[in-house]
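[1] From the sequence below, what's the structure:
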Amino acid sequence: MFDTFREIRWEYLFDFELAVDSLPFLMQGLQNTMIISVFSMFFALVLGIVIGIARMSKYAVFHLPARLYISFMRGTPLLVFVFILYYGLPVIGVEFTNAIVAAIVGVSLNFAAYNAEVVRSAILSVPRGQWEAAATLQMDYFQTLRKIVIPQATRIALPPTFNIFMDVVKGTSLASVITVQELLYSGRLVAGRTYDSMTMYITVALIYWMVCIVIGYFQDRLEIRYNRYLSS
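    Numbering: from 1, shown residues only. As a prediction, the model looks like this:
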């Protein structure tokens, strides 16, 4: 085993010069990655709020479709769903002219299910007494949500929501299979040209890591802000 370890050609593990030279091209891919990530997270959050509230409804016409949607999206791989959208829908005459749009739609619809469960759990975490207090003030259901419950649920939902955003950023790498030139796709292009896959994939992984560190920083700042507001 030690002989095998010594025989590894460590000089081929990472070419720092190639990584630096490739950064401008990789940054172009990162730009598409962030475009897909930001738009997907926005639409997934909006749709997730609607589905999460519908999931809590006492009316079957609302909560049954919401439960079915969440079950399907959580139970199927994102890659399969992206394939269905981009390669399957053209069979019935529905075709995306832009692969980035298809990626945004696919990621948004998939992660909306996870956001819906975060919204639902955050709302249910608000003490029941808050609802009863709103009822004594003669607030209806939607007024109670908007003015009392959602502001408190937002603080609870922050950590899992940011975790989902990190998963969205990493999940955009699947857009490379439908020819979107995002970060991973750009890394694959350089690897194919230079025959140095190890360097490029390590570089791509480090860039994803740095992006998630930045997202985590903003998560910490928002949590501090909300906790300070709560304590005041």
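[2] longest helix anywhere in this protein?
    When every helix of the chain is counted residue by residue (DSSP state H), the longest turns out to be helix 16-55.
[3] Quick check: pLDDT value at the closest residue in space to Ala153 that isn't next to it in sequence.
    Distances taken as CB to CB, 6 or more residues apart in numbering place Ala122 nearest to Ala153, at 3.9 Å, with adjacent residues excluded. Every C-beta, even on glycine, is put in place using the N, C-alpha and C of the backbone. Ala122 is assigned 89 on the pLDDT scale.
[4] try Asp196
    What the model reports for Asp196 is a pLDDT of 88.
[5] For Cys56, grab phi and psi.
    Actually, residue 56 is Met rather than Cys. Note on Met56: its backbone torsions stand at phi -90, psi -10 [degrees, to the nearest 10].
[6] thinking again about what came up before, by contact count, what packs against the helix or strand following the longest helix of the chain?
    For helix 16-55, the succeeding helix or strand toward the C-terminus, using DSSP states H and E, is helix 60-75. Helices and strands touching helix 60-75, by 3 or more CB pairs under 8 Å, 6 or more residues apart in numbering; DSSP states H and E, are helix 16-55, helix 99-125.
[7] For the ones you listed, state which one has the densest average packing.
    With neighbours defined as mean count of other CB atoms under 10 Å, these peak in mean count at helix 99-125, which reaches a mean of 22.
[8] Tell me what angle that one forms with helix 60-75.
    120 degrees (axes from the mean of the first three to the mean of the last three CA atoms, to 10 degrees).
[9] Just the C-alphas of the helix or strand following helix 99-125, formatted as PDB.
    Heading C-terminal from helix 99-125, the first helix or strand you meet, by DSSP H and E, is helix 128-136. The C-alpha coordinates for helix 128-136 follow below in PDB (Å, rounded to 0.1, in the frame of the first residue of the first chain):
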ATOM      1  CA  ARG A 128     -50.500  28.700  18.500                       C
ATOM      2  CA  GLY A 129     -51.200  31.500  21.000                       C
ATOM      3  CA  GLN A 130     -50.100  34.000  18.300                       C
ATOM      4  CA  TRP A 131     -53.000  32.900  16.100                       C
ATOM      5  CA  GLU A 132     -55.400  33.100  19.000                       C
ATOM      6  CA  ALA A 133     -54.200  36.600  19.800                       C
ATOM      7  CA  ALA A 134     -54.800  37.700  16.200                       C
ATOM      8  CA  ALA A 135     -58.300  36.200  16.400                       C
ATOM      9  CA  THR A 136     -59.100  38.400  19.400                       C
END
